[in-house]
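> my questions concern the predicted model and sequence given below.
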Amino acid sequence: MACFLVPTSTAIITTVMRKKIPEKYHINWLNSMLWGGVIMLAVEHISHGEVVLYPPFLTAGLPEVLPEMLKVGIPMTLSIFLVWGIMVTVAARVNKRVPYIER
């Protein structure tokens, strides 16, 4: 139910810090992956009635929310970072192999 809160907070942080991160790290890729996952999960949770559009927003209490954030939210966010890291590594290697073409 609240697993999307972890990538949401991470996406907010990376979006705010994006200008301080060098271009070679393609932070826009990470932000796109995080925000896309957040939107997808929010829609899914709303459609199943786990999240409502009026206070208190979450239909479960804190005892149910925290374990889900720890068991699902954190591993999901770390998986996104892993995939992003692989993408950045592959892009860096491809850019080293492709000779620069002058225009």
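All right, it came through fine. Numbers count the residues shown, from 1 in each chain.
> any weak-confidence spans in this protein?
98-103 (pLDDT under 70).
> what's stretch 47-62 in contact with?
1, 2, 42, 45, 46, 65 (C-beta atoms under 8 Å, 6 or more residues apart in numbering). Every C-beta, even on glycine, is put in place using the N, C-alpha and C of the backbone.
> sorry, that was for stretch 64-77
1, 2, 3, 4, 5, 6, 7, 10, 34, 37, 58.
> could you do stretch 11-26 as well?
27, 28, 30, 31, 34, 35, 38, 84, 87, 88, 91, 92.
> now do the host helix or strand of the third one: distance to the chain's middle.
Using DSSP states H and E, residue 30 falls within helix 27-47. Mean-position distance between helix 27-47 and its chain equals 6 Å (C-alpha atoms, centre = their mean, to the nearest Å).
> then stretch 79-91?
12 Å.
> buried ones in it?
80, 84, 88 (16 or more other C-beta atoms under 10 Å).
> neighbouring contacts of it?
7, 24, 25, 26, 29, 30, 33, 34, 37.
> of those residues, just the buried ones, PyMOL syntax please.
Restricted to buried positions by 16+ other C-beta under 10 Å, the PyMOL selection for the contacts of stretch 79-91 reads:
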select buried, resi 7+26+30+33+34+37
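> would you list the contacts of stretch 79-91 in JSON lines and tack on distance to residue 96?
Formatted as JSON lines, the contacts of stretch 79-91 follow (distance: C-beta to C-beta, whole Å):
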{"residue": "7", "distance to residue 96": "31"}
{"residue": "24", "distance to residue 96": "12"}
{"residue": "25", "distance to residue 96": "16"}
{"residue": "26", "distance to residue 96": "15"}
{"residue": "29", "distance to residue 96": "18"}
{"residue": "30", "distance to residue 96": "21"}
{"residue": "33", "distance to residue 96": "24"}
{"residue": "34", "distance to residue 96": "27"}
{"residue": "37", "distance to residue 96": "30"}
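> all set, thanks.
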